[in-house]
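Pasted the sequence and its predicted model underneath.
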Amino acid sequence: MIRPGRAEAGFTYLLLLFAVAAMGLVAAGTAELWSTLARREKEQELLFIGNQFREALRRYHDAVPDARPRHPARLEDLLLDPRFPGVRRHLRQIYADPMTGQADWVLLRQGERIVGLHSRATGQPIKQGGFAKRDEGFAGAASYADWHFGSAADAGTDPAPTAVIAPSASPTSPRPLAAPAPR
């Protein structure tokens, strides 16, 4: 004979199992949503930082009308333009790539001069359309590395990519830059 209290205990245990399983599903869905939102935010930051570099390269190019070099040899030249006797800045800091968390940009060069850069990240972007006019070429990109920022990307030329460990590394003196402090 089954006592009434034991049958009720079985149903309570079963309901508790279902409740724990449901909470697990909700937690997994929330984690996936959070991850997607974080990636979207990093994409927006990559677009902002990439366009800061693009504008700095454009300003560097347009700054001197004579025969001096039109593109920087190092990213640091954007921080303090060596072509002028006084202080001339085209960029406030060398930004870290938000997708990798490090200042490990791949530089696009024509000869020894930097004409653009892109992220080292190979993940597929969530954003596939709806870009600003200056970034329309990014629509349908297979990876973040296809988002090229710089005068070469805008002009449609095909510069040679140069892998760079740290933006301040030059062929003669590899010296890593400190990444900016997290916000």
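Here it is on my side, so go on.

And Leu91, how close does it get to Trp34?
With distances taken as CB to CB, to the nearest Å, Leu91 is found 32 Å from Trp34. C-beta: built from backbone N, CA, C; applies to glycine.

which one of these two has more residues nearby?
Leu91 (21 against 10; other CB atoms under 10 Å).

That one: what's it in contact with?
Taking CB atoms under 8 Å, 6 or more residues apart in numbering, we find Leu91 in contact with 52-53, 56, 75, 78-79.

cool, Ile126 as well?
Contacts for Ile126 (CB under 8 Å, 6+ apart) come out as 36, 39-40, 43.

Most neighbours among the residues you listed, please name it.
Neighbour counts for the contacts of Ile126, by other CB under 10 Å, peak at Glu43, which reaches 19 neighbours.

shouldn't that residue be in contact with Lys127?
Yes: shown here, Glu43 and Lys127 form a contact pair, counting by CB atoms under 8 Å, at 5.3 Å.

and the biggest helix by length in the chain, what does it pack onto?
Ordering each helix of the chain by length in residues (DSSP state H) puts helix 4-63 first. For helix 4-63, the elements it packs on are helix 76-79, strand 113-118, strand 149-150, helix 151-155, judged by 3 or more CB pairs under 8 Å, 6 or more residues apart in numbering; DSSP states H and E.

so where is the protein shaky, pLDDT-wise?
Along the chain, the parts satisfying pLDDT under 70 run over 1-9, 65, 152-183.

Count the neighbours of the closest residue to Phe149 other than its chain neighbours for me.
Nearest non-adjacent residue to Phe149, counting by CB to CB, 6 or more residues apart in numbering: Gly50, 3.6 Å away. Here the number of neighbours of Gly50 (other CB under 10 Å) works out to 27.
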